[in-house]
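Enquirer: from the sequence below, what's the structure:
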Amino acid sequence: MIKEKKIPIDKVSKKLFYEDELRKLQIELVKLQQWVSKNKKRVAIIFEGRDAAGKGGNIRRFTEHLNPRSMRVVALTKPTEVEQGQWYFRRYIKELPNAGEIVFFDRSWYNRAVVEPVMGFCNDAQYQNFMVQVPEFEHMLYEDGLILIKFWFSISKDEQLARFNARLGTPLKRWKFSPVDRKGQELWNKYTHYKEQMYSRTHTSYSPWITVKANDKKIARLECIRYVLSQFNYDGKGEALTTLLTDPNIIMRYYRSSKQID
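Expert: Numbers count the residues shown, from 1 in each chain. Below is the predicted model of the structure:
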């Protein structure tokens with residue numbers, strides 16, 4: 001009857017597809033977690049990007065049905081006075097995964113690569129020192145057997161503004177908006193400069209940056225989960241109810257994209 005009357009249901013169809021795919025992919029995440037736990041693997045997944053890029057929403061879909069005993073979400077606040085006097089990486093090292101655990105970082109040590117220099121929260125010497133140390137730090141993690149996945153969620157300036165306005169218009173999401181967020185639009189080009197510096201100096205063969213085109217939140221969530229699943233040969237992977245191959249138009253390594261939307 002809907003077809004006969006030519007009633008547009010594209011939005012409904014898209015939502016039904018998303019919910020069905022998400023469920024199938026979350027089933028695979030449960031299988032992956034069991035495999036990680038059984039084989040004592042250590043997995044850290046970093047979610048970086050501009051404010052309102054969708055980091056938190058992605059993490060929620062990843063963790064929704066996982067066992068909290070072998071999974072953690074890390075979202076650190078600004079360093080304490082004591083932490084400011086320590087080696088920068090120390091506060092993150094203690095949050096790294098134990099054997100059999102997956103840790104999701106809602107922002108990470110890469111705060112110092114983009115947010116801190118843009119907002120003036122660190123000086124140039126601290127920034128330069130960090131940029132020199134980060135590849136070595138991540139190489140040590142790699143050599144020690146830790147599996148590190150780094151996502152950068154890429155959104156356009158107009159999409160960021162629309163999401164900011166949506167937050168302000170929703171009482172349950174208003175807490176997400178801060179003065180730092182407001183600065184994100186004003187300092188857009190400065191963010192872009194430091195993001196490009198981060199890419200060029202910290203994208204390595206052993207720890208590559210994975211760019212996620214995230215203007216469409218739901219598609220980005222599905223493709224991020226697909227990417228993570230594609231990196232492991234866990235038990236029962238061949239019985240997946242959906243494809244685990246990512247869309248190369250959404251998920252790509254840094255060097256594959258000469259033009260960035262942000």
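Enquirer: biggest helix in this structure by residues?
Expert: helix 10-38 (DSSP state H).
Enquirer: against which helices or strands is the next helix or strand after that one packed?
Expert: Next helix or strand after helix 10-38 toward the C-terminus (DSSP states H and E): strand 42-49. Applying 3 or more Cβ pairs under 8 Å, 6 or more residues apart in numbering; DSSP states H and E, we find strand 42-49 packed against helix 55-63, strand 101-106, strand 147-154. To be clear about C-beta, it is placed using only N, CA and C from the backbone, and glycine gets the same treatment.
Enquirer: what pairs with strand 42-49, parallel or antiparallel?
Expert: strand 101-106 (parallel), strand 147-154 (parallel) (DSSP bridges).
Enquirer: pull the first one out as CSV, backbone CA atoms only.
Expert: Just to be clear, that refers to strand 101-106. This file holds the C-alpha atoms of strand 101-106, laid out as CSV (Å, rounded to 0.1, in the frame of the first residue of the first chain):
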residue,chain,number,x,y,z
GLU,A,101,40.9,-6.1,28.4
ILE,A,102,39.7,-3.6,25.8
VAL,A,103,40.0,0.1,26.8
PHE,A,104,38.2,2.9,24.9
PHE,A,105,39.8,6.3,25.1
ASP,A,106,37.3,9.2,24.8
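Enquirer: got the angle between that strand and helix 10-38?
Expert: Inter-element angle recorded for strand 101-106 and helix 10-38: 140 degrees (by axes from the mean of the first three to the mean of the last three Cα atoms, to 10 degrees).
Enquirer: what lies in contact with the very next helix or strand once past strand 101-106?
Expert: Remark: after strand 101-106, the chain's next helix or strand is helix 115-119, criterion DSSP H and E. By Cβ atoms under 8 Å, 6 or more residues apart in numbering, the residues outside helix 115-119 that reach it are R107, F121, C122, D124, Q126, Y127, V180, K183, L187, K190, Y191, Y194.
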